[in-house]
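Enquirer: any chance you can model this:
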Amino acid sequence: MRPSLRVVTLVVVAASLTPLLFLVTPGETTPLYAARQGLACANCHFDPNGGGPRNAFGFAFAKNRHSTDSDTSGMFKDLDLTNRVSEQLPLYFGVNQRLMALADDRSNPPEGLDGFGFYDMESALHLAFQPHPRLTLVYTHDGFRHDARVTREAWGMIGLGNDYYLRAGLFRVPFGLRFDDHTVASRNGFLDFQAPGASALPYDPRFADQGLELGGSRGEFSGRVAFTNGNSDVLGGSSTHAQTVSGKLVYTEPDYSVGVSGYDDWEHPVGPGNRTSALRWGAYALGHTGRLSLIGEVVSGTDRSRSFTGPSQSKTNRLGWFAEADYQLNRGTNFRARYDRLEAARPSDASLREQSSYDRYAIEGEIVPVPFTEIRWTLRLIDPVADQNLLGRDRDTEKQAYVQFHFSY
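Expert: The predicted structure is shown next:
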(Lines give C-alpha, C1' and ligand atoms only; values in the text may rest on other atoms or scores of the structure.)
Protein backbone atom coordinates (compact mmCIF):
# COMPACT_ATOMS: atom_id res chain seq x y z
CA MET A 1 0.00 0.00 0.00
CA ARG A 2 1.35 3.41 -0.94
CA PRO A 3 2.27 5.49 2.15
CA SER A 4 0.39 8.52 0.81
CA LEU A 5 -2.87 6.58 0.72
CA ARG A 6 -2.47 5.23 4.22
CA VAL A 7 -1.69 8.72 5.56
CA VAL A 8 -5.17 9.90 4.49
CA THR A 9 -6.88 7.30 6.65
CA LEU A 10 -4.52 7.71 9.58
CA VAL A 11 -5.05 11.48 9.57
CA VAL A 12 -8.82 10.99 9.70
CA VAL A 13 -8.52 8.45 12.50
CA ALA A 14 -6.14 10.69 14.44
CA ALA A 15 -8.52 13.60 13.98
CA SER A 16 -11.30 11.44 15.39
CA LEU A 17 -9.24 11.00 18.54
CA THR A 18 -8.48 14.70 18.93
CA PRO A 19 -11.77 15.65 20.65
CA LEU A 20 -11.12 12.99 23.27
CA LEU A 21 -8.15 14.98 24.53
CA PHE A 22 -10.29 18.00 25.42
CA LEU A 23 -13.61 16.57 26.56
CA VAL A 24 -15.46 19.09 28.68
CA THR A 25 -19.09 19.37 27.62
CA PRO A 26 -21.43 17.32 25.46
CA GLY A 27 -21.93 18.56 21.91
CA GLU A 28 -25.05 19.35 19.97
CA THR A 29 -25.61 16.94 17.12
CA THR A 30 -28.04 16.67 14.25
CA PRO A 31 -27.15 13.35 12.59
CA LEU A 32 -29.23 11.20 10.43
CA TYR A 33 -32.43 9.81 11.70
CA ALA A 34 -33.91 11.85 9.01
CA ALA A 35 -32.11 15.15 8.84
CA ARG A 36 -35.53 16.77 8.78
CA GLN A 37 -36.06 15.94 12.48
CA GLY A 38 -32.90 17.57 13.80
CA LEU A 39 -32.21 14.75 16.25
CA ALA A 40 -28.94 13.14 17.28
CA CYS A 41 -28.56 9.40 16.87
CA ALA A 42 -27.71 9.11 20.55
CA ASN A 43 -30.92 10.99 21.43
CA CYS A 44 -33.00 8.02 20.30
CA HIS A 45 -30.65 5.01 20.50
CA PHE A 46 -28.24 3.51 22.98
CA ASP A 47 -25.67 3.13 20.18
CA PRO A 48 -23.78 6.43 19.64
CA ASN A 49 -23.76 5.64 15.90
CA GLY A 50 -27.52 5.05 15.83
CA GLY A 51 -29.61 1.98 15.13
CA GLY A 52 -30.53 -0.90 17.40
CA PRO A 53 -32.71 -0.63 20.50
CA ARG A 54 -34.30 2.69 21.36
CA ASN A 55 -33.94 4.51 24.65
CA ALA A 56 -36.94 6.13 26.36
CA PHE A 57 -36.80 9.25 24.19
CA GLY A 58 -36.50 7.21 20.99
CA PHE A 59 -39.44 5.06 22.02
CA ALA A 60 -41.58 8.15 22.57
CA PHE A 61 -40.44 9.48 19.20
CA ALA A 62 -41.63 6.27 17.50
CA LYS A 63 -44.87 6.21 19.50
CA ASN A 64 -45.61 9.72 18.21
CA ARG A 65 -45.12 8.51 14.61
CA HIS A 66 -41.64 9.97 14.13
CA SER A 67 -42.27 13.31 15.76
CA THR A 68 -40.97 15.10 18.84
CA ASP A 69 -44.46 16.52 19.39
CA SER A 70 -47.00 14.42 21.23
CA ASP A 71 -49.92 13.07 19.24
CA THR A 72 -52.65 15.07 21.02
CA SER A 73 -55.57 14.29 18.74
CA GLY A 74 -57.06 11.27 17.05
CA MET A 75 -57.17 7.64 18.13
CA PHE A 76 -53.55 7.51 19.37
CA LYS A 77 -53.57 10.48 21.76
CA ASP A 78 -54.09 8.32 24.85
CA LEU A 79 -51.59 5.61 23.92
CA ASP A 80 -49.70 4.86 27.15
CA LEU A 81 -46.81 2.46 26.48
CA THR A 82 -43.20 1.93 27.48
CA ASN A 83 -40.30 -0.24 26.33
CA ARG A 84 -38.75 -0.42 29.81
CA VAL A 85 -39.61 -3.19 32.26
CA SER A 86 -39.45 -1.06 35.42
CA GLU A 87 -37.39 1.46 37.38
CA GLN A 88 -35.85 -1.35 39.43
CA LEU A 89 -35.19 -3.49 36.33
CA PRO A 90 -33.95 -1.06 33.62
CA LEU A 91 -34.25 -3.57 30.79
CA TYR A 92 -35.36 -2.13 27.44
CA PHE A 93 -36.61 -4.33 24.63
CA GLY A 94 -37.58 -3.85 21.02
CA VAL A 95 -38.31 -5.68 17.80
CA ASN A 96 -37.69 -5.01 14.10
CA GLN A 97 -39.59 -6.93 11.45
CA ARG A 98 -39.24 -6.08 7.75
CA LEU A 99 -41.04 -7.81 4.90
CA MET A 100 -40.47 -6.68 1.32
CA ALA A 101 -42.56 -7.33 -1.78
CA LEU A 102 -40.12 -6.82 -4.67
CA ALA A 103 -40.74 -6.61 -8.42
CA ASP A 104 -37.71 -6.50 -10.73
CA ASP A 105 -37.31 -6.25 -14.50
CA ARG A 106 -33.87 -6.41 -16.12
CA SER A 107 -34.81 -6.59 -19.83
CA ASN A 108 -35.24 -3.75 -22.32
CA PRO A 109 -37.80 -3.58 -23.84
CA PRO A 110 -39.77 -5.18 -20.99
CA GLU A 111 -40.57 -8.85 -21.50
CA GLY A 112 -42.34 -9.46 -18.23
CA LEU A 113 -40.98 -9.39 -14.71
CA ASP A 114 -37.71 -11.20 -14.07
CA GLY A 115 -38.58 -11.52 -10.43
CA PHE A 116 -41.49 -10.94 -8.09
CA GLY A 117 -42.00 -12.17 -4.56
CA PHE A 118 -41.59 -11.62 -0.86
CA TYR A 119 -38.43 -11.39 1.19
CA ASP A 120 -38.08 -11.39 4.98
CA MET A 121 -35.35 -8.80 5.41
CA GLU A 122 -35.14 -8.72 9.20
CA SER A 123 -36.67 -10.41 12.23
CA ALA A 124 -34.62 -8.92 15.04
CA LEU A 125 -35.05 -8.87 18.80
CA HIS A 126 -33.28 -6.06 20.69
CA LEU A 127 -32.37 -5.99 24.37
CA ALA A 128 -30.62 -3.18 26.24
CA PHE A 129 -29.77 -3.16 29.94
CA GLN A 130 -28.71 0.11 31.57
CA PRO A 131 -28.37 -0.25 35.35
CA HIS A 132 -26.91 3.27 35.55
CA PRO A 133 -25.96 6.00 33.03
CA ARG A 134 -22.34 4.82 32.76
CA LEU A 135 -23.01 1.21 31.83
CA THR A 136 -24.98 -0.02 28.84
CA LEU A 137 -25.27 -3.57 27.54
CA VAL A 138 -26.88 -4.21 24.14
CA TYR A 139 -27.79 -7.45 22.41
CA THR A 140 -29.47 -7.87 19.00
CA HIS A 141 -30.35 -11.25 17.56
CA ASP A 142 -31.88 -11.89 14.15
CA GLY A 143 -33.06 -15.32 15.15
CA PHE A 144 -36.43 -16.04 13.60
CA ARG A 145 -35.43 -16.57 9.96
CA HIS A 146 -34.54 -20.17 9.18
CA ASP A 147 -31.69 -19.17 6.83
CA ALA A 148 -30.06 -16.32 8.77
CA ARG A 149 -29.97 -16.91 12.51
CA VAL A 150 -27.21 -14.58 13.61
CA THR A 151 -26.16 -12.33 16.47
CA ARG A 152 -26.17 -8.89 14.90
CA GLU A 153 -24.68 -6.96 17.81
CA ALA A 154 -23.51 -7.71 21.35
CA TRP A 155 -21.55 -5.06 23.21
CA GLY A 156 -20.98 -3.30 26.49
CA MET A 157 -20.28 0.43 26.84
CA ILE A 158 -18.64 2.14 29.81
CA GLY A 159 -19.10 5.86 30.38
CA LEU A 160 -15.74 7.51 31.10
CA GLY A 161 -16.92 10.73 32.64
CA ASN A 162 -19.93 12.55 31.24
CA ASP A 163 -18.75 12.99 27.69
CA TYR A 164 -16.85 10.00 26.44
CA TYR A 165 -17.08 6.23 26.42
CA LEU A 166 -15.33 2.93 25.79
CA ARG A 167 -17.22 0.18 23.96
CA ALA A 168 -16.21 -3.47 23.62
CA GLY A 169 -17.84 -6.32 21.76
CA LEU A 170 -19.60 -6.93 18.46
CA PHE A 171 -20.73 -3.64 16.87
CA ARG A 172 -20.91 -1.82 13.54
CA VAL A 173 -17.76 0.14 12.80
CA PRO A 174 -17.92 3.97 12.95
CA PHE A 175 -17.77 4.81 9.25
CA GLY A 176 -20.14 7.22 7.53
CA LEU A 177 -23.89 7.24 7.93
CA ARG A 178 -25.82 4.29 9.29
CA PHE A 179 -28.69 3.45 6.94
CA ASP A 180 -31.60 1.04 7.03
CA ASP A 181 -31.15 0.87 3.26
CA HIS A 182 -27.86 -0.92 2.60
CA THR A 183 -28.25 -0.53 -1.19
CA VAL A 184 -27.27 3.15 -1.37
CA ALA A 185 -24.15 3.71 -3.48
CA SER A 186 -21.95 4.65 -0.53
CA ARG A 187 -22.78 1.43 1.32
CA ASN A 188 -23.30 -2.04 -0.20
CA GLY A 189 -24.49 -0.76 -3.57
CA PHE A 190 -27.40 -1.73 -5.81
CA LEU A 191 -25.85 -4.18 -8.29
CA ASP A 192 -27.17 -7.46 -6.90
CA PHE A 193 -28.30 -8.57 -10.36
CA GLN A 194 -25.80 -6.85 -12.70
CA ALA A 195 -22.55 -7.30 -10.77
CA PRO A 196 -23.01 -9.26 -7.53
CA GLY A 197 -20.44 -8.28 -4.92
CA ALA A 198 -19.64 -4.88 -6.42
CA SER A 199 -19.68 -2.39 -3.57
CA ALA A 200 -18.16 0.91 -2.50
CA LEU A 201 -17.22 -0.60 0.86
CA PRO A 202 -14.86 -3.55 1.49
CA TYR A 203 -17.24 -4.95 4.14
CA ASP A 204 -20.97 -5.56 4.48
CA PRO A 205 -22.40 -2.69 6.57
CA ARG A 206 -25.30 -4.87 7.72
CA PHE A 207 -22.95 -6.95 9.87
CA ALA A 208 -20.88 -6.03 12.90
CA ASP A 209 -17.17 -6.40 13.63
CA GLN A 210 -15.45 -7.34 16.89
CA GLY A 211 -13.19 -5.04 18.85
CA LEU A 212 -12.97 -1.80 20.84
CA GLU A 213 -14.30 1.71 20.22
CA LEU A 214 -13.43 4.96 21.99
CA GLY A 215 -15.57 8.04 21.46
CA GLY A 216 -16.45 11.45 22.83
CA SER A 217 -17.48 15.02 22.09
CA ARG A 218 -16.56 18.62 22.75
CA GLY A 219 -18.75 21.52 21.71
CA GLU A 220 -19.81 21.07 18.10
CA PHE A 221 -17.28 18.28 17.49
CA SER A 222 -17.67 14.58 18.18
CA GLY A 223 -15.31 11.76 17.28
CA ARG A 224 -14.84 8.03 17.65
CA VAL A 225 -12.26 5.48 16.62
CA ALA A 226 -12.39 1.68 16.58
CA PHE A 227 -9.83 -1.12 16.42
CA THR A 228 -11.45 -4.33 15.16
CA ASN A 229 -10.67 -7.71 13.60
CA GLY A 230 -11.70 -6.88 10.05
CA ASN A 231 -11.24 -10.06 8.00
CA SER A 232 -9.01 -11.78 10.54
CA ASP A 233 -9.85 -14.56 12.97
CA VAL A 234 -7.59 -14.94 16.01
CA LEU A 235 -8.66 -18.58 16.42
CA GLY A 236 -7.63 -19.66 12.95
CA GLY A 237 -7.65 -18.92 9.24
CA SER A 238 -5.10 -17.29 7.00
CA SER A 239 -4.96 -14.09 9.08
CA THR A 240 -4.90 -14.30 12.88
CA HIS A 241 -4.21 -10.67 13.85
CA ALA A 242 -6.72 -7.83 14.28
CA GLN A 243 -6.05 -5.52 11.39
CA THR A 244 -8.69 -2.80 10.96
CA VAL A 245 -8.86 0.78 12.19
CA SER A 246 -11.85 3.01 11.48
CA GLY A 247 -12.84 6.45 12.69
CA LYS A 248 -15.24 9.31 12.24
CA LEU A 249 -15.13 13.03 13.04
CA VAL A 250 -18.35 15.06 12.96
CA TYR A 251 -19.07 18.80 13.17
CA THR A 252 -22.65 19.83 13.90
CA GLU A 253 -24.68 22.99 13.98
CA PRO A 254 -28.41 23.01 14.79
CA ASP A 255 -29.46 23.01 11.13
CA TYR A 256 -26.72 20.92 9.51
CA SER A 257 -24.00 18.37 10.13
CA VAL A 258 -20.86 17.30 8.24
CA GLY A 259 -18.62 14.33 8.87
CA VAL A 260 -15.49 12.63 7.57
CA SER A 261 -14.55 8.97 7.99
CA GLY A 262 -11.61 6.66 7.42
CA TYR A 263 -11.28 2.88 7.19
CA ASP A 264 -8.03 0.92 6.87
CA ASP A 265 -8.02 -2.87 6.62
CA TRP A 266 -4.31 -3.30 6.09
CA GLU A 267 -2.48 -6.00 4.20
CA HIS A 268 -3.18 -9.54 5.34
CA PRO A 269 -3.00 -13.09 3.92
CA VAL A 270 -5.94 -14.33 1.86
CA GLY A 271 -5.69 -17.86 0.54
CA PRO A 272 -2.45 -19.53 -0.54
CA GLY A 273 0.22 -17.09 -1.63
CA ASN A 274 -1.85 -13.88 -1.72
CA ARG A 275 -2.22 -10.76 0.38
CA THR A 276 -4.91 -8.09 0.20
CA SER A 277 -5.75 -4.72 1.75
CA ALA A 278 -8.53 -2.13 1.61
CA LEU A 279 -8.49 1.60 2.28
CA ARG A 280 -11.51 3.91 2.29
CA TRP A 281 -12.34 7.50 3.07
CA GLY A 282 -15.76 9.10 3.20
CA ALA A 283 -17.54 12.39 3.75
CA TYR A 284 -21.17 13.31 4.28
CA ALA A 285 -23.36 16.34 4.85
CA LEU A 286 -26.98 16.71 5.89
CA GLY A 287 -29.26 19.54 6.82
CA HIS A 288 -32.84 20.67 6.95
CA THR A 289 -34.98 23.75 6.52
CA GLY A 290 -38.64 23.59 7.34
CA ARG A 291 -40.12 20.40 5.89
CA LEU A 292 -37.25 19.89 3.44
CA SER A 293 -34.04 17.99 4.20
CA LEU A 294 -30.97 17.20 2.10
CA ILE A 295 -28.54 14.32 2.62
CA GLY A 296 -25.43 13.36 0.67
CA GLU A 297 -22.43 11.06 1.11
CA VAL A 298 -19.37 10.05 -0.91
CA VAL A 299 -17.06 7.07 -0.34
CA SER A 300 -13.90 6.27 -2.27
CA GLY A 301 -10.79 4.15 -1.89
CA THR A 302 -8.62 1.33 -3.15
CA ASP A 303 -8.48 -2.45 -2.82
CA ARG A 304 -5.02 -3.99 -3.37
CA SER A 305 -3.77 -7.53 -3.74
CA ARG A 306 -0.31 -9.00 -4.34
CA SER A 307 1.41 -12.35 -4.45
CA PHE A 308 3.81 -13.66 -1.81
CA THR A 309 5.99 -15.21 -4.50
CA GLY A 310 6.42 -12.37 -6.96
CA PRO A 311 6.20 -8.63 -7.55
CA SER A 312 2.80 -8.83 -9.26
CA GLN A 313 0.25 -6.47 -7.74
CA SER A 314 -3.25 -5.39 -8.69
CA LYS A 315 -5.45 -2.61 -7.41
CA THR A 316 -9.08 -1.57 -7.84
CA ASN A 317 -10.23 1.98 -7.19
CA ARG A 318 -13.87 2.39 -6.19
CA LEU A 319 -16.25 5.33 -5.86
CA GLY A 320 -19.83 5.58 -4.62
CA TRP A 321 -21.94 8.61 -3.82
CA PHE A 322 -25.55 9.66 -3.49
CA ALA A 323 -27.68 12.76 -2.93
CA GLU A 324 -31.27 12.86 -1.78
CA ALA A 325 -34.00 15.34 -0.90
CA ASP A 326 -36.79 14.51 1.55
CA TYR A 327 -40.06 16.37 2.03
CA GLN A 328 -42.23 15.64 5.06
CA LEU A 329 -45.82 16.34 4.07
CA ASN A 330 -47.21 15.62 7.52
CA ARG A 331 -46.57 13.52 10.61
CA GLY A 332 -47.17 10.28 8.78
CA THR A 333 -46.05 10.95 5.19
CA ASN A 334 -42.63 11.53 3.64
CA PHE A 335 -41.51 11.74 0.00
CA ARG A 336 -37.96 11.31 -1.30
CA ALA A 337 -35.99 11.74 -4.52
CA ARG A 338 -32.53 10.15 -4.66
CA TYR A 339 -29.68 9.85 -7.16
CA ASP A 340 -26.91 7.25 -6.71
CA ARG A 341 -23.66 6.79 -8.62
CA LEU A 342 -21.51 3.68 -8.23
CA GLU A 343 -18.20 3.09 -10.01
CA ALA A 344 -17.18 -0.41 -8.97
CA ALA A 345 -13.82 -0.14 -10.78
CA ARG A 346 -12.07 3.05 -11.91
CA PRO A 347 -9.18 2.22 -14.28
CA SER A 348 -7.40 5.03 -16.14
CA ASP A 349 -9.15 4.05 -19.38
CA ALA A 350 -12.48 5.93 -19.40
CA SER A 351 -14.26 3.39 -21.61
CA LEU A 352 -13.36 0.53 -19.26
CA ARG A 353 -14.43 2.62 -16.27
CA GLU A 354 -17.86 3.12 -17.83
CA GLN A 355 -18.34 -0.65 -18.07
CA SER A 356 -18.43 -0.89 -14.26
CA SER A 357 -20.31 2.37 -13.62
CA TYR A 358 -24.02 2.69 -12.94
CA ASP A 359 -26.54 5.41 -12.15
CA ARG A 360 -29.66 4.84 -10.07
CA TYR A 361 -32.67 7.15 -10.00
CA ALA A 362 -35.31 6.67 -7.32
CA ILE A 363 -38.60 8.11 -6.10
CA GLU A 364 -39.45 6.82 -2.65
CA GLY A 365 -41.61 7.48 0.35
CA GLU A 366 -42.84 6.34 3.74
CA ILE A 367 -46.31 6.23 5.25
CA VAL A 368 -46.79 5.80 9.00
CA PRO A 369 -50.45 4.81 9.36
CA VAL A 370 -50.20 3.79 13.02
CA PRO A 371 -47.44 4.01 15.64
CA PHE A 372 -44.63 1.45 15.28
CA THR A 373 -45.60 0.67 11.67
CA GLU A 374 -44.05 2.10 8.51
CA ILE A 375 -44.93 1.29 4.91
CA ARG A 376 -42.10 2.15 2.52
CA TRP A 377 -42.42 2.24 -1.26
CA THR A 378 -39.88 2.71 -4.04
CA LEU A 379 -39.69 3.11 -7.82
CA ARG A 380 -36.12 2.77 -9.12
CA LEU A 381 -34.29 2.81 -12.43
CA ILE A 382 -30.73 1.42 -12.62
CA ASP A 383 -28.92 2.58 -15.76
CA PRO A 384 -25.49 1.31 -16.91
CA VAL A 385 -23.28 4.23 -17.94
CA ALA A 386 -21.95 2.31 -20.96
CA ASP A 387 -24.71 1.72 -23.52
CA GLN A 388 -22.95 -1.39 -24.87
CA ASN A 389 -20.73 -4.07 -23.38
CA LEU A 390 -17.24 -4.91 -24.63
CA LEU A 391 -18.75 -7.26 -27.24
CA GLY A 392 -20.86 -4.46 -28.70
CA ARG A 393 -24.17 -5.69 -27.33
CA ASP A 394 -26.71 -3.26 -25.90
CA ARG A 395 -26.89 -3.20 -22.11
CA ASP A 396 -30.30 -3.25 -20.42
CA THR A 397 -31.58 -0.93 -17.75
CA GLU A 398 -33.15 -2.40 -14.62
CA LYS A 399 -36.48 -1.35 -13.18
CA GLN A 400 -37.39 -2.05 -9.57
CA ALA A 401 -40.42 -1.46 -7.41
CA TYR A 402 -41.03 -2.57 -3.87
CA VAL A 403 -43.31 -2.15 -0.92
CA GLN A 404 -41.76 -2.80 2.48
CA PHE A 405 -43.69 -3.33 5.70
CA HIS A 406 -41.62 -2.35 8.73
CA PHE A 407 -42.89 -3.13 12.23
CA SER A 408 -40.82 -1.97 15.19
CA TYR A 409 -41.23 -1.40 18.91
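Enquirer: quick check: the gap between Met121 and His182.
Expert: The spacing between Met121 and His182, counted by Cβ to Cβ, to the nearest Å, is 10 Å. No exception for glycine: its C-beta is placed from N, CA and C like everyone else's.
Enquirer: list the buried residues in stretch 151-170.
Expert: For stretch 151-170, the neighbour count (16 or more other Cβ atoms under 10 Å) marks Arg152, Glu153, Ala154, Trp155, Met157, Asp163, Tyr164, Tyr165, Arg167, Gly169, Leu170 as buried.
Enquirer: export the residues you listed to JSON lines and tack on distance to Arg304?
Expert: Shown next, in JSON lines, are the buried residues of stretch 151-170 (distance: Cβ to Cβ, whole Å):
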{"residue": "Arg152", "distance to Arg304": "30"}
{"residue": "Glu153", "distance to Arg304": "30"}
{"residue": "Ala154", "distance to Arg304": "32"}
{"residue": "Trp155", "distance to Arg304": "30"}
{"residue": "Met157", "distance to Arg304": "34"}
{"residue": "Asp163", "distance to Arg304": "38"}
{"residue": "Tyr164", "distance to Arg304": "34"}
{"residue": "Tyr165", "distance to Arg304": "33"}
{"residue": "Arg167", "distance to Arg304": "30"}
{"residue": "Gly169", "distance to Arg304": "30"}
{"residue": "Leu170", "distance to Arg304": "27"}
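Enquirer: okay, now Asp349: neighbour count?
Expert: 9 (other Cβ atoms under 10 Å).
Enquirer: swap that for Asn49, sorry
Expert: Neighbour count of Asn49, defined by other Cβ under 10 Å: 24.
Enquirer: that older thread, and the two most separated of the buried residues of stretch 151-170?
Expert: Pairwise distances across those peak at 27.5 Å for Arg152 and Asp163 (criterion: Cβ to Cβ).
Enquirer: residues in contact with Ser70?
Expert: Neighbour list for Ser70: Asn64, Lys77 [criterion: Cβ atoms under 8 Å, 6 or more residues apart in numbering].
Enquirer: checking it next. Helix, strand or coil?
Expert: coil (DSSP: H, G, I helix; E, B strand; the rest coil).
Enquirer: and if you look at the one 4 residues further on?
Expert: Three-state assignment for Gly74 (three-state DSSP): coil.
Enquirer: any idea how many residues pack against it?
Expert: Count around Gly74 with other Cβ under 10 Å applied: 8.
Enquirer: how close does it get to Asn334?
Expert: Applying Cβ to Cβ to Gly74 and Asn334 gives a distance of 19 Å.
Enquirer: what do you get for Ser314?
Expert: From Ser314 to Asn334 the distance is 43 Å (Cβ to Cβ).
Enquirer: ok, these two, which is more surrounded?
Expert: Legend: neighbour count by other Cβ under 10 Å for Ser314 and Asn334, higher for Asn334 (22 against 10).
Enquirer: tell me which element the more buried one is part of?
Expert: Taking DSSP states H and E as the criterion, Asn334 maps to strand 333-343.
Enquirer: packing partners of that strand?
Expert: Judged by 3 or more Cβ pairs under 8 Å, 6 or more residues apart in numbering; DSSP states H and E, the packing partners of strand 333-343 are strand 313-330, strand 357-367.
Enquirer: alright, that wraps it up for me.
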